[in-house]
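Trainee: sharing a model that was predicted from the sequence below.
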Amino acid sequence: MSEQKPNGGNTNGGNTNDGNTNGGVAKGEGVDRDQQLTVVHVVRHGEVHNPDGVLYGRRPGYHLSDLGRKMADRVAEHLEKRDITHVVASPLERAQETADPIARAHGLDLATDPRLIEAANVFEGKTFGVGDGALRKPDNWKHLTNPFKPSWGEPYVEQVVRMMGAIDTARDAARGHEAVCVSHQLPIWILRSFVERRRLWHDPRKRQCTLASLTSFTYRGDTIVSVGYSEPARDLVPVHLLAGAKPVRGKAAKGRSKAFGA
């Protein structure tokens with residue numbers, strides 16, 4: 001990783017530069033490799049059909065909801081005129097279904113990279129909440145001893161290593177153009193936190209990585225020089241799932257998708 005700190009990371013109004021490169025060195029084939037600009041858009045999947053409100057994690061069989069498919073179409077529409085030459089996704093169904101319309105819009109085959117997968121979590125398959133889920137059981141408390149690692153799932157450092165590897169590979173596949181990687185909220189947020197030099201442990205409710213959002217990394221050569229963020233499907237996202245929204249508890253939460261670890 002370069003010593004240079006990216007100059008991105010603004011959060012004004014939930015939408016920042018999403019990889020437009022007006023100014024600086026142009027993208028394209030005729031530019032020196034070390035000065036070539038490449039943009040890697042890391043997309044969070046759309047809403048998942050999850051009527052039981054479980055933490056589905058890496059479990060198979062969780063597909064986009066009808067609303068989630070609309071979100072995926074919106075992202076594809078948003079990226080339609082961009083110079084996308086490579087599309088790759090996590091192997092989980094919700095990521096593949098989000099990436100598919102993007103790949104089709106550009107006439108590309110959809111690649112799969114297991115490094116883009118959701119973070120592992122010991123609470124997979126359980127409802128998760130204070131007073132209304134897995135945390136009520138004392139047997140689960142042993143998993144909550146270290147929020148800095150974290151003790152309940154895949155270490156943050158391991159997420160950084162695999163996600164950096166995945167986006168660097170996408171950069172190489174689309175050098176001088178743009179790539180799309182479809183992944184999941186936690187690993188995307190950990191990746192961005194690392195690039196922007198923030199601590200990795202955090203309050204999950206404050207992640208700026210809503211459903212169908214784009215976190216865009218601009219490289220000059222092999223170095224990330226800026227980070228942008230945009231929410232092309234923001235108007236489709238349920239209010240309780242937007243970044244910073246208050247959690248919904250009790251009966252009101254039943255049947256609603258859970259954002260934690262998605």
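Mentor: Right, received. Where do you want to start?
Trainee: please name the residues that touch Cys181.
Mentor: The contact partners of Cys181, by Cβ atoms under 8 Å, 6 or more residues apart in numbering, come to Val40, His41, Val42, Val43, Val88, Ala89, Asp113, Leu116, Ala166, Ile167, Ala170. Backbone N, C-alpha and C define where each C-beta goes, glycine included.
Trainee: and stretch 75-88, how far from the chain's centre?
Mentor: On the basis of Cα atoms, centre = their mean, to the nearest Å, stretch 75-88 is displaced by 16 Å from the centre of the chain it belongs to.
Trainee: just the buried positions in it, please.
Mentor: Using 16 or more other Cβ atoms under 10 Å as the burial criterion, the residues of stretch 75-88 that qualify are Val75, Ala76, His78, Leu79, Arg82, Asp83, Ile84, Thr85, His86, Val87, Val88.
Trainee: I figured the fourth one hits Ala103, correct?
Mentor: No - proximity of Leu79 to Ala103 does not meet the contact threshold set by Cβ atoms under 8 Å, at 10.4 Å.
Trainee: all helices of the stretch 1-150 of the chain, in order?
Mentor: Per DSSP state H, counting those that start in this stretch, the stretch 1-150 of the chain has helices spanning 66-78, 93-105. These are given in chain order.
Trainee: just name the most buried of the ones you listed.
Mentor: Relative to the other members of these, helix 93-105 carries the highest mean neighbour count by mean count of other Cβ atoms under 10 Å, namely a mean of 22.
Trainee: nearest residue to Ser183 other than its sequence neighbours?
Mentor: Beyond its immediate neighbours in the sequence, the residue positioned closest to Ser183 (Cβ to Cβ, 6 or more residues apart in numbering) is Leu116, lying 4.2 Å away.
Trainee: state the distance from that neighbour to Arg44.
Mentor: Remark: distance between Leu116 and Arg44 (Cβ to Cβ, to the nearest Å) = 11 Å.
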